[in-house]
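Visitor: only geometry, no sequence info:
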């Protein structure tokens, strides 16, 4: 995040740090601020308020939710505040590669692409485990990639929601190219915000 504040003017403007005469916070300061938010559960309250403002402006339509997850890599030596290995940092395999760290699960408005739900877990938690927890409860449709196959059959599935999940790569090749293109457009609304934490969040040793 420290590097992102230096590199991305929009981040500085959002944080009220766009005056170059103001010293930007370093990694330790940002980490202490994050722990303060967690301690007082302020992040959840802020996120809820932002969503309420977006709904009031008609930017969150609530008809459909697209879900996705992304891994946030961390050095294998990462420790928690007690100087012990952080239990939330776990190894996970994606494709043919192994990663160590945490995972961010997000739910976004399928129409606008605005994020309305975020959950963090250990890196080895499968995407489908958090799938239904990412729904806000008022949508009628949910969209996800092939990792979410079976989300509609889980114990926490909502009967009022119809899941539209991508086929596995081998099955997808048989689809008409036009259909694949339309499906990819919807899924991309979730993929773009899900990739943001990878560029702005890093865990130090």
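Guide: Yep, it's here. Note that the coordinates shown come from a computational prediction; the quantities given were computed from them, not determined experimentally.

Visitor: Okay, now stretch 13-28: how far is its last residue from its first?
Guide: End-to-end distance for stretch 13-28: 21 Å, by Cα to Cα, to the nearest Å.

Visitor: try stretch 11-27
Guide: OK, stretch 11-27 end separation, Cα to Cα: 15 Å.

Visitor: Now that stretch: buried residues?
Guide: Buried residues in stretch 11-27, counted by 16 or more other Cβ atoms under 10 Å: 11-12, 25. Using the backbone N, CA and C atoms, a C-beta is placed for each residue, glycine as well.

Visitor: now for the lengthiest strand in the chain, which elements pack on it?
Guide: In the chain, taking DSSP state E as the definition, the longest strand is strand 97-109. Packing partners of strand 97-109 (3 or more Cβ pairs under 8 Å, 6 or more residues apart in numbering; DSSP states H and E): strand 64-73, strand 90-94, strand 115-122, helix 177-200.

Visitor: Strand partners (parallel or antiparallel) of it?
Guide: strand 64-73 (antiparallel), strand 90-94 (antiparallel), strand 115-122 (antiparallel) (DSSP bridges).

Visitor: So for that strand, what gets flagged as buried?
Guide: 99-109.

Visitor: now do stretch 139-148
Guide: 139, 142-145, 147-148.

Visitor: Next, format those residues as CSV and append pLDDT and secondary structure.
Guide: Below are those laid out as CSV (pLDDT from 0 to 100; DSSP: H, G, I helix; E, B strand; the rest coil):
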residue, pLDDT, secondary structure
139, 90, coil
142, 94, strand
143, 94, strand
144, 92, strand
145, 91, coil
147, 90, helix
148, 93, helix
